[in-house]
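[1] Give me a model of this one.
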Amino acid sequence: MQHAKDIDAVIFDKTGTLTTGALSVAYTDYPSTHNREEAVRLIVGLVSASRHPVAQAVSQHLTAQYPTITPAKLTEVKSVPGRGIE
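    Okay, here's the model as predicted:
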């Protein structure tokens, strides 16, 4: 506590977890060599199989940015708790 007076700045997070109570994505970028819409279709198709908070934040961000995109229908994807998506 004695050193707290010397602190100029404190950074908590950049995802909104502390400020809004929920994860959020602020910005996405894609390599110029890839078709952006196809990448979004695949990513939304993948993350929709997951209940992980990061996956949900990614899905919400991308569907807000690309409201007319139809997620890819992936048939062999499953969410594995504690491991991610297989």
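[2] which residue is nearest the middle of the protein?
    The residue lying closest to the centre of the chain (CA atoms, centre = their mean) is Val58, at 2.7 Å.
[3] tell me the contacts of that residue?
    By CB atoms under 8 Å, 6 or more residues apart in numbering, the contact list for Val58 reads 25, 43, 47. For glycine as for every other residue, the C-beta is placed from the backbone atoms N, C-alpha and C.
[4] and if you look at Val77?
    Taking CB under 8 Å, 6+ apart, one finds 45-46, 49, 85-86 in contact with Val77.
[5] since we're on Val40, how many residues are nearby?
    Using other CB atoms under 10 Å, Val40 has 19 other residues around it.
[6] That one is in contact with Ala64, isn't it?
    No - contact criterion CB atoms under 8 Å: Val40 and Ala64 do not qualify, at 11.4 Å.
[7] sec struct for Pro31, please.
    Three-state call for Pro31 (DSSP: H, G, I helix; E, B strand; the rest coil): coil.
[8] any idea how far Ala39 is from it?
    9 Å (CB to CB, to the nearest Å).
[9] Tell me which helix or strand the residue nearest to Val25 when sequence neighbours are not counted sits in.
    Nearest residue to Val25, sequence neighbours excluded (CB to CB, 6 or more residues apart in numbering): His61, at 3.6 Å. Assigned by DSSP states H and E, His61 falls within helix 53-65.
[10] just the CA coordinates of that helix, formatted as PDB?
    Taking C-alpha atoms only, helix 53-65 is exported to PDB below (Å, rounded to 0.1, in the frame of the first residue of the first chain):
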ATOM      1  CA  PRO A  53     -17.600 -17.700 -22.800                       C
ATOM      2  CA  VAL A  54     -14.900 -16.800 -25.300                       C
ATOM      3  CA  ALA A  55     -16.600 -18.700 -28.100                       C
ATOM      4  CA  GLN A  56     -19.900 -17.000 -27.300                       C
ATOM      5  CA  ALA A  57     -18.200 -13.600 -27.400                       C
ATOM      6  CA  VAL A  58     -16.600 -14.400 -30.700                       C
ATOM      7  CA  SER A  59     -19.900 -15.600 -32.100                       C
ATOM      8  CA  GLN A  60     -21.800 -12.500 -30.900                       C
ATOM      9  CA  HIS A  61     -19.200 -10.200 -32.300                       C
ATOM     10  CA  LEU A  62     -19.100 -11.800 -35.700                       C
ATOM     11  CA  THR A  63     -22.800 -12.200 -36.100                       C
ATOM     12  CA  ALA A  64     -23.200  -8.500 -35.200                       C
ATOM     13  CA  GLN A  65     -20.500  -7.500 -37.800                       C
END
